[in-house]
Each structure stands twice: as structure tokens, then as C-alpha cells.
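Engineer: what shape does this take:
(one chain, ligands or ions: 1)
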Amino acid sequence: MKIIRSIKQMSDFSRKAKLRGRSLGFVPTMGALHQGHLSLIKKSAAENDVTAVSIFVNPLQFSAREDFKRYPRRLKGDVVLCAAAGADIIFYPEAGKMYPKGYRTYVCVEGLSDVLCGKFRPAHFKGVATIVAKLFNVVNPDIAYFGRKDAQQAVIIKKMVRNLNMPFKIRVMPTLRDKDGLALSSRNIYLNPRERKDAAILYAALAKAKELIERGSRSSCDVIKKMRQLINKKKNVRIQYISIVDPENLIPVNRIKGKVLIALAVYIGKIRLIDNIIINV
Ligand code: AMP
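Structural biologist: All right, here's what the predicted structure looks like:
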């Protein structure tokens, strides 16, 4: 496995792979890899001749108040994990090369970026769409892999690719969870043991919603109310939002029918966690 830091070298590698008729899978990440990331890398390795993983903590998607500086960075461990999962290339660009002085170009997917998490993180998805577009231009993959864990991100990227006529396939893979249901996340390491236990409440609330809907509940309002009641039993836990929306356009639904995305963001102490499930009624 090779680590590439230069943007030009990454583009050259991709072009040469294509000339040799090789298919290229791509997994964009911010590093501090866990089994969730590795499931995407393994899928890419199974479906493509060559797999590239990018590791880049993108300053553009963090607000000034957020955890950019202390976001976990563990390149050495990530290299070992990537190799074991079947990656061929790690693309590890420098922030100063991705956003040189005078940088002025952004991608904004309107309508989808200012709802759900976007309501509370106003510039976040502009940062995400911009870096993914840039990485796509450099890596030029055949297929790119994203996790359902970040459902809104996946919807936005799919829309961007369609709207900008980018010739890449997007695959969205299931969320990997710990035994108690907590979605794996690089940020879980911030949780102290007590908070880690409490964090299981996110999935418990989603499981409760699923159960209510399977038993016949069709009112989003009622389902959300019961989820809130369950979560609010925990001390030191604060709900940022719970929404039930159409999984394609992220518009809230009042009556639950067909496919719905149930998404939530919850603070466990100072740590903000997100999770979601899709239910097909
Ligand atoms: P990140 O490093 O957090 O930007 O995540 C990189 C990719 O891994 C994104 O497409 C995420 O949706 C995906 N991912 C993160 N956590 C999980 C998980 N628990 N299961 C599956 N995919 C995940």
C-alpha cells in the first residue's frame, strides 16, 4: 500500500490505473478509522481493482466553535487498518495544498444543506460538498463509498453528483454499530465511561420508533414525542433535534408511509452524536 501526499501524484496514479483498464473505488474519510470505515474499504476492495482511501480532516466543514483542532488524528494506526482492509492507496493531502491562499470556490447543495444537522451547523455541508467535489476531481473514481450513518451527507453528495453531471457511482453502505447499538464514530472516543453507557440511548430511541411504527403508529409527531420522553429520562443528555423526513428530499413527513428517515442529534454531555434509521412501511 502506498501513501500519496501530492495532488498531482494522486491524479497521475488514477489516470494510469484507468489507462490500464482498472476500476477505481474511493472511500473519503477524516481518519481515526474504525470498523464502520473499514466496512466501506472492504466493500470497495471487493468491487474494484484498486481502492483509494483519503484521510483529510477538512477545516472547511468545522465551525470556529467545533472540534477541528482536537479531532482525533492517528495516521500510523490508520495505515495498518487500511492495508488490512484491502486499500491500495492512502491519499493524505495537506490542508494548505487543498485550500491554498486565495481559495474562493465552494459547492453548495441548496435546500438539503440547511435542514436537519445543517440547521445547527450552517456551513457544514457546504464544506463537505466542496471537499468531496475536490477529492472526486483529484481521485476520479468509478465508485465512491459513503456510510448511511451520515445520511444527510449521502443525500447531498448524491444530489451534487447528479446535478453537476459527475460520472461517478455513489454507494451508501449500512451503519456499523457496537453491541449496544451505538453507531461507530470517531467521536465516540471523547465519551467517558458513563457517557458511553448513556450514548446507547440514541439507538434505543430509534429502535423504539421502529417498534411503534411496526405496531401501527403513523403520526410522526406521536413517534417523536415518545422518543423524546425516552431520551429525556437520561440526565446529562440533551436532544438537539429528532426529525422524520422523506429520505430523498429530507422534507418532514406528518403521516408515516412508504420509506422514512428518522434522524436525530443528541448531546451526551458536551459530545454531539448523530444517528438515523430508514424504515419502510
Ligand atoms: P468520517 O471519517 O466521519 O468523515 O466518515 C467517513 C465515511 O465513513 C463516511 O461516509 C461515513 O458515513 C462513514 N461512516 C462513519 N461511521 C460509520 C459507521 N458506523 N458505519 C458505516 N459507515 C460509517
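Engineer: so which residue is dead centre in the chain?
Structural biologist: Here the mean C-alpha position of the chain is nearest to the C-alpha of residue 150 (C-alpha atoms, centre = their mean), at a distance of 3.4 Å.
Engineer: secondary structure class for the closest residue to that residue other than its chain neighbours?
Structural biologist: In space, and not counting its chain neighbours, residue 150 is closest to residue 274: 7.4 Å by C-beta to C-beta, 6 or more residues apart in numbering. For every residue, glycine as well, the C-beta is placed using N, CA and C. Using DSSP: H, G, I helix; E, B strand; the rest coil, the three-state assignment for residue 274 comes out as strand.
Engineer: can you count the residues close to residue 274?
Structural biologist: Using other C-beta atoms under 10 Å, residue 274 is surrounded by 21 other residues.
Engineer: same deal with residue 245?
Structural biologist: For residue 245, the tally of surrounding residues (other C-beta under 10 Å) stands at 21.
Engineer: give the contact list for it.
Structural biologist: Contacts here follow C-beta atoms under 8 Å, 6 or more residues apart in numbering; on that basis residue 245 touches 115-116, 251-253, 260-261, 263.
Engineer: would you show me how to pick out the buried ones of those residues in PyMOL?
Structural biologist: Typed into PyMOL, the line below selects the buried ones among the contacts of residue 245, using 16 or more other C-beta atoms under 10 Å:
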select buried, resi 115+116+253+260+261+263
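Engineer: now the residue nearest to the centre of the chain: how far from the ligand?
Structural biologist: Relative to the ligand, residue 150 is positioned 4 Å away (criterion: C-beta to the nearest ligand atom, to the nearest Å).
Engineer: ok, now residue 155?
Structural biologist: 12 Å.
Engineer: need the pLDDT of that residue.
Structural biologist: Confidence at residue 155, expressed as pLDDT, is 98.
Engineer: residue 1 now?
Structural biologist: In the predicted model, residue 1 carries a pLDDT score of 97.
Engineer: what's the local residue count around it?
Structural biologist: Number of residues near residue 1 (other C-beta under 10 Å) recorded here: 14.
Engineer: what of the one 3 residues further on?
Structural biologist: Residue neighbour count, defined by other C-beta under 10 Å, stands at 21 for residue 4.
Engineer: for it, list the residues it contacts.
Structural biologist: Applying C-beta under 8 Å, 6+ apart to residue 4 gives the contacts 10, 13, 89-92.
Engineer: out of the residues you listed, which are buried?
Structural biologist: For these, a neighbour count by 16+ other C-beta under 10 Å gives the buried set as 10, 13, 89-92.
Engineer: the residues you listed in helices, which ones?
Structural biologist: Secondary-structure check on the buried ones among the contacts of residue 4 using DSSP state H: residues within helices are 10, 13.
Engineer: and the furthest pair within the buried ones among the contacts of residue 4?
Structural biologist: Across the buried ones among the contacts of residue 4, no pair lies farther apart than 13 and 92, at 13.1 Å, counting by C-beta to C-beta.
Engineer: distance check, the nearest residue to residue 142 once chain neighbours are set aside against residue 272.
Structural biologist: Of all residues not flanking residue 142 in the chain, residue 23 sits nearest, at 4.7 Å (C-beta to C-beta, 6+ apart). In this structure, residue 23 and residue 272 are separated by 37 Å, where distance is defined by C-beta to C-beta, to the nearest Å.
Engineer: and these two? Which one has more around it.
Structural biologist: Neighbours were tallied for residue 23 and for residue 272 using other C-beta under 10 Å; the higher tally belongs to residue 272 (18 against 15).
Engineer: leaving out chain neighbours, which residue sits closest to that one?
Structural biologist: Residue 272 sits nearest to residue 265 (C-beta to C-beta, 6+ apart), 6.1 Å away.
Engineer: can you confirm the one you found is in a strand?
Structural biologist: Yes: the assignment for residue 265 (three-state DSSP) places it in a strand.
Engineer: so what's it up against?
Structural biologist: Remark: with contacts taken as C-beta under 8 Å, 6+ apart, residue 265 is in contact with 116-117, 120, 239-241, 272-274.
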